[in-house]
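Visitor: Sequence and predicted model, in that order:
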Amino acid sequence: MSLNDLKMRYVAAYLLATLGGNKSPSKDDISKVLSSVGIEVDGAKLDKVIAELKGKSIDELITKGKYWSLVKCYCKYLYHILLPRL
């Protein structure tokens, strides 16, 4: 597993929380998503994701294209990590 895959976990969890209706997920919200699939949380990485995305609309960021590559990676990541658990 590459370093990018490890970082992607936090962004994917953040996006999952926003898809669940939470406009501004907290550290606890993201930790719950990650722990639900058996992933141990690294506080430093989690803090970075929260700081980068705090106060920003995910919908606007995706629409502007700034995070489009992240969304594609996120979908691929979710497919591989969650599908075996279904």
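Guide: Cool, got the structure. Keep in mind the model is a prediction, meaning the values are calculated, not measured.
Visitor: Buried residues in the top helix by length along the chain, which are they?
Guide: Secondary structure of the chain per DSSP state H: the longest helix is helix 3-19. Neighbour-count burial for helix 3-19 flags 7-18 (criterion: 16 or more other C-beta atoms under 10 Å). Backbone N, C-alpha and C define where each C-beta goes, glycine included.
Visitor: which residues touch the helix or strand just after it?
Guide: Following helix 3-19 in sequence order, the next helix or strand is helix 27-36 (DSSP states H and E). Helix 27-36 has contacts (C-beta atoms under 8 Å, 6 or more residues apart in numbering) with 9-10, 13-14, 16-17, 22, 40-41, 43, 46-47, 49-50.
Visitor: just the angle between helix 27-36 and helix 3-19, please?
Guide: 120 degrees (axes from the mean of the first three to the mean of the last three C-alpha atoms, to 10 degrees).
Visitor: per-residue confidence averaged over helix 27-36?
Guide: Helix 27-36 carries an average pLDDT of 90.
Visitor: May I have that helix as CSV, with CA atoms only?
Guide: The C-alpha trace of helix 27-36 is given here as CSV (Å, rounded to 0.1, in the frame of the first residue of the first chain):
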residue,chain,number,x,y,z
LYS,A,27,-12.3,14.6,14.2
ASP,A,28,-14.6,12.3,16.1
ASP,A,29,-16.9,11.8,13.1
ILE,A,30,-14.0,10.9,10.8
SER,A,31,-12.5,8.6,13.5
LYS,A,32,-15.8,6.7,13.8
VAL,A,33,-15.9,6.2,10.0
LEU,A,34,-12.3,4.9,10.0
SER,A,35,-12.7,2.6,13.0
SER,A,36,-15.9,1.1,11.5
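Visitor: Regarding Gly38, what is its secondary structure?
Guide: coil (DSSP: H, G, I helix; E, B strand; the rest coil).
Visitor: can you offset everything so residue one is 50?
Guide: Shifting the count to begin at 50 puts that one at Gly87.
Visitor: What about it, how many residues nearby?
Guide: 8 (other C-beta atoms under 10 Å).
Visitor: Likewise for Lys94?
Guide: Neighbour count for Lys94, taken as other C-beta under 10 Å: 14.
Visitor: Thanks a lot, see you next time.
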